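Q: Whatever this is, show me its structure:
(one chain, ligands or ions: 1)
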Amino acid sequence: MITPVMPTYGRWNVAVERGEGCYLYATDGHKYLDFTSGIAVTSLGHCHPHLIDAVTEQAKKLWHSSNLFRIPGQERLAQRLVENSFADTVFFNNSGAEAVELSIKVARKYQSETGHPERYRVIACNGSFHGRSFATLAAAGAEAYLKGFGPVMDGFDHVAWDNLNEMRAAVNDKTAALLVEPVQGEGGVRAPSQDFLKGMRAICDEFGLLLIYDEVQCGLGRTGKLFAHEWAGVTPDIMAVAKALGNGFPIGACLATEKAAVGMVPGTHGSTFGGNPMAVAAGNAVLDVMLEPGFLERAERMSQMFRGRLEDLVGKHRNLFDHVRGAGLLIGVKCVITPGDFVTKLRENGLLCLTAGDNVLRILPPLIVTEAEIDQAMGVFEKVAREWPKS
Ligand SMILES: *Cc1c(COP(=O)(O)O)cnc(C)c1O
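A: A predicted model of the protein is given here:
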């Protein structure tokens, strides 16, 4: 018999009750060190006091109004995102998929408005993840997720990850934009080679295409900069963010330059809930913390320390692990064994981690993680690795 909750997830048997900082507590009393962060969402940890205050205050004032009204908190959040990025304008929605989907709409509209309505196709990379809507599934092109859902939406071409020659060769007179995760998350926690984004920017400039970044997972401090592409110093025309923007309150955003958003005039896009007063109260509170001087630098220091220790672990257990990859606190450990089995053992020992594609163990601690919590996690990694059956 089907469960009342539609069974689309293979769920862990951990019934969550409450959280505090890096810890998650289950209804049966179990306490876990949470290095999943709700899949790169709760980057400030669970129940951050500043966020509780901001959302509680807003809950007493106004929950929702619709975007027919001016929403001061939304204007403020947009202004702050603009001041801290390449963008000139922001549209708020409720999820990563919606933010990516709008990014694609903005790019097509730009081409249409600037005399190229025939340019509608987007080139994306193999191994990407962009969401579960029809357009974002087609954008990523992962067959496993598309199977059984009918004709795949037209308009997307795919090339190998981190291969500029293939990317350049795939451009044709119907191409509107290039879409990329500056660091791939879901697909295997992969950072591209140093000049990849720069090369994509050059292709866009040469052919009159727009560059779209999907920073839904790697953005908002996850790699030690506010946005992952800052490491490469190459800005896009359009960017999708979501996950950590509300620290668990659903909010996503599509950021764009004035040039790219030329066609986005009244009536061209909308969302009932997007950027409502509650969501933007959460978003503003997240930025209050993340933009505090030293916050991101501290997260980056933790990442370097953690990575160093994971590299030592990998060196000691070559039969289990291959190498450490990713960027900042978006950490991947390429495994020799099945990472899902390892994640189960970690969980049984009180540590929550994830898997990603390409046989990778994915570790996403909150950005507020301390050295003591990393010590605790390393103790669990070492124990599980030591006890792993020799084959
Ligand atoms: C999670 C994710 C999405 C989809 O976000 P949802 O909020 O689940 O729709 C899109 N792109 C990337 C890179 C993601 O990691």
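Q: ok, the closest residue to the ligand within the stretch 1-150 of the chain - how many residues close by?
A: Relative to the ligand, the nearest point of the stretch 1-150 of the chain is residue 96 (2.2 Å; C-beta to the nearest ligand atom). Backbone N, C-alpha and C define where each C-beta goes, glycine included. Under the neighbour criterion other C-beta atoms under 10 Å, residue 96 is assigned a count of 30.
Q: my read: it touches residue 131, true?
A: Yes. Counting by C-beta atoms under 8 Å, residue 131 is a contact partner of residue 96 at 5.4 Å.
Q: so where's this structure shaky on pLDDT?
A: The chain contains no residues with pLDDT under 70.
Q: again, only using 90
A: In the predicted model of the chain, residues 390-391 satisfy pLDDT under 90.
Q: So it: which segments form each domain?
A: With domains defined by automatic domain parsing, the chain comprises 16-48+294-386, 50-290.
Q: Next, the contact list for residue 275, please.
A: Each residue near residue 275 by C-beta atoms under 8 Å, 6 or more residues apart in numbering is listed here: 67, 71, 74, 77, 91, 92, 93, 251, 253.
Q: is it fair to say residue 375 lies in a helix?
A: Yes. Counting by DSSP: H, G, I helix; E, B strand; the rest coil, one finds residue 375 located in a helix.
Q: Write out the residues of the stretch 151-300 of the chain neighbouring the ligand.
A: 181, 185, 186, 214, 216, 217, 242, 243 (C-beta under 6 Å from any ligand atom).
Q: do the same with the stretch 1-150 of the chain
A: By C-beta under 6 Å from any ligand atom, the residues of the stretch 1-150 of the chain that approach the ligand are 95, 96, 97, 100, 129, 130, 131.
Q: leaving aside the residues next to it on the chain, what's closest to the third one?
A: Think residue 97. Counting by C-beta to C-beta, 6 or more residues apart in numbering, residue 97 lies nearest to residue 131, which is 2.7 Å off, once chain neighbours are set aside.
Q: all helices for the stretch 51-200 of the chain, in order.
A: Assigned by DSSP state H, counting those that start in this stretch, the stretch 51-200 of the chain shows helices spanning 72-83, 96-113, 134-140, 143-146, 164-170, 196-207.
Q: Same question for the stretch 201-350 of the chain.
A: 277-290, 295-316, 339-348.
Q: Single out the most deeply packed of the ones you listed.
A: Highest mean neighbour count among those (mean count of other C-beta atoms under 10 Å): helix 277-290, with a mean of 23.
Q: That helix - contacts with which helices or strands?
A: On a contact count with 3 or more C-beta pairs under 8 Å, 6 or more residues apart in numbering; DSSP states H and E, helix 277-290 meets helix 49-61, helix 72-83, strand 89-93.
Q: That helix relative to helix 295-316, how many degrees between them?
A: When axes from the mean of the first three to the mean of the last three C-alpha atoms, to 10 degrees is applied, the directions of helix 277-290 and helix 295-316 differ by 70 degrees.
Q: Good, we can wrap up now.
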